[in-house]
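1. sequence unknown, structure follows:
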Ligand code: ADP
Ligand code: MG
């Protein structure tokens, strides 16, 4: 690793300052980032009592040179940048040079390190910022940090910690994100002697997703890929059947850094909007690579925020890449028996006594097999080329305490989340994600063989096709067909206005007024005539003729509200989309019965659409149940 220096005043002043070490998870984050920056390809994290009494992080990276040792724990000492200029193109995860000094100030730290070139290693003790000892010892290449008794000398801070279980939970989440963000690094996470996570580092993102998120998600993934001159996007997103009530599963990594960014969220959610319901969020695991000069990671001390110089470009690429992946897939949710679901859960974690040798064998075999069958992802650019191999790597031989922890693990009963999906499950995943697309319910050929059986509850039409029964929600279908019609009319035709007599008078808030002004031109273009009516009142004198009879006061207000949230996108197309989706919501009301012929026409029309599976608000229009499921329910097969 290149030499550590203390940054000059000017550079220090340009670094986003602030406290970074507020809880054990922050210590783990900083130390794991350092290990990654040191070029490690195997990193072990062990904690006890939520990391409060002990955190041990072992890596097989570059190690620290003896002459650098006195600098490591100084504030603003770093080997990753030299000048303020370097802040403009940061390619490492760290750059502030503050983590180790902050950690050493509030805990008892033991550092054991050895570079490839040196014959012996070094052991350094520092507590509360005071150096205790430095000695030569024998140890493997790489670095181990042991952090004991966090906040032992700052009781006020210790008071703010949550229970050990909660703190361990934060660390566990962090380790999962680290594993997903670096598929090329083998991570092991041990909590109170139990191995909680172990990834192979074979660069196969799908394996890690299976490992971390389980089979339900792994079986419902779509591959996404997109790029332009300066940005590339690769990764997996979930089919719309998998969604969550919060954004926890909406993960993405910019140059392998886990970040949170409103623009990226927006692009993802906008692409999913036609497919999932309001306030539901997809699973995503996206690796975004972008020229380091086009991003600013020096925004916040925790480095969780990021700014893009070409945000619009990124937004568009991301939106279209995800939209393309979602489009044209047959996405009919299947009704499953509850027993089936329970089984899936049990399979997710395979209880099995841990045997170091067996696992290594398994890894080796699967690494060999996975070569051509599975996708691999390019690792991050290696900033430091001197990492040692996994073979020499012996993470557990540094201290006897460590060995004891692992022993406990081996004997104790626990569920190890295995490194890769077992072969059988793997095939199942492949089958479940591929087969449905072949036997399309919707091809022209198939539609001829549909048999409309009838209607239940004045709402659902039953259609038999092949060995499946399909249920179509009449209202959702109606909404969808109408939406497409309006969109098409609005898009293709010269926009015609239809006068409203009397006009609709809107009373707007200041924010709504602003939105109206911002979108005035586009609204006019598609046939709206809206003018000031004194004060906060606006008169809607004309509307697009296709919407005549559909648009009412509430719809217009809803439309304006909807546009208020659009910070990144204000194309006429978006406005059309909003208008169409809101109008048809109003148009389809009540449980009116359709005749058999009307239903047939509606279903036929639905099935000609690009995305017939979801109404404009993301609800499914079609679900299916297989003959097999029914036969199981009737115990014809067991
Ligand atoms: P930063 O990561 O911002 O440079 P830190 O305080 O986290 O600052 O680390 C200070 C320096 O210590 C790093 O720049 C690096 O040179 C060295 N260092 C820290 N951890 C490791 C490690 N695991 N392996 C090798 N070098 C390390
Ligand atoms: Mg660091």
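-> Looks like it arrived, so ask away. Everything numeric in this text was worked out from a predicted model, so none of it was measured. Ligands and ions are numbered 1, 2, ... in the order given.

2. Would you enumerate the residues in contact with the residue nearest to the spatial centre of the chain?
-> Central residue of the chain (C-alpha atoms, centre = their mean): residue 251, 1.8 Å from the mean position. By C-beta atoms under 8 Å, 6 or more residues apart in numbering, the contact list for residue 251 reads 177, 180, 258, 284-286. C-beta: built from backbone N, CA, C; applies to glycine.

3. Kindly recompute the last result at 7 Å.
-> By C-beta atoms under 7 Å, 6 or more residues apart in numbering, the residues touching residue 251 are 177, 180, 284-285.

4. Tell me the buried residues in the helix or strand harbouring it?
-> Element membership of residue 251 [criterion: DSSP states H and E] is strand 250-254. For strand 250-254, the neighbour count (16 or more other C-beta atoms under 10 Å) marks 250-254 as buried.

5. just stretch 256-269 next, same as before
-> 256-259, 261, 263-264, 266-269.

6. before we move on, what about stretch 85-101?
-> 86-87, 90, 92-101.

7. What of stretch 133-144?
-> 139-144.

8. which residue does the stretch 1-150 of the chain bring closest to ligand 1?
-> residue 94 (2.4 Å; C-beta to the nearest ligand atom).

9. And the pLDDT at that residue?
-> Turning to residue 94, the model gives it a pLDDT of 91.

10. same deal with the one 5 residues further on?
-> Confidence per residue is given as pLDDT, and for residue 99 that number is 94.

11. so it makes contact with residue 30?
-> Yes. If you go by C-beta atoms under 7 Å, residue 99 and residue 30 touch, sitting 3.7 Å apart.

12. overlap in contacts of these two?
-> By C-beta under 7 Å, 6+ apart, the residues touching both residue 99 and residue 30 are residue 20.

13. before we move on, the earlier item: if you rank the contacts of residue 251 by neighbours, which is first?
-> residue 285 (27 neighbours; other C-beta atoms under 10 Å).

14. What helices and strands are in contact with the helix or strand where it lies?
-> When elements are assigned from DSSP H and E, residue 285 belongs to strand 284-290. When contacts are defined as 3 or more C-beta pairs under 7 Å, 6 or more residues apart in numbering; DSSP states H and E, strand 284-290 sits against strand 231-238, strand 250-254.

15. Quick one: low-confidence residue ranges for the stretch 1-150 of the chain.
-> Scanning the stretch 1-150 of the chain for pLDDT under 70 picks out 1-2, 19.

16. ok, the residue nearest to the centre of the chain to residue 196 distance?
-> 18 Å (C-beta to C-beta, to the nearest Å).

17. ditto for residue 9
-> 43 Å.

18. who are the neighbours in contact with residue 301?
-> Taking C-beta under 7 Å, 6+ apart as the test, what residue 301 contacts is 16-18, 20.

19. rerun at 10 Å
-> 15-20, 96, 98, 102 (C-beta atoms under 10 Å, 6 or more residues apart in numbering).

20. Now it, what are its backbone angles?
-> phi -60, psi -30 (degrees, to the nearest 10).

21. next one: the one 5 residues further on
-> For residue 306, the backbone dihedrals are phi -150, psi 150 (criterion: degrees, to the nearest 10).

22. Name the residues of the stretch 401-550 of the chain found near ligand 2, please.
-> Residues of the stretch 401-550 of the chain found near ligand 2 (C-beta under 5 Å from the ion): none.

23. so where's the stretch 401-550 of the chain shaky on pLDDT?
-> Checking the stretch 401-550 of the chain against pLDDT under 70 turns up 401-439, 489-490, 493-495, 546-547, 549-550.

24. I'd like to know how far the nearest residue to residue 464 once chain neighbours are set aside sits from ligand 2.
-> Counting by C-beta to C-beta, 6 or more residues apart in numbering, residue 451 is the residue found nearest to residue 464 once chain neighbours are left out, at 4.5 Å. Here the criterion is C-beta to the ion, to the nearest Å. By it, residue 451 lies 65 Å from ligand 2.
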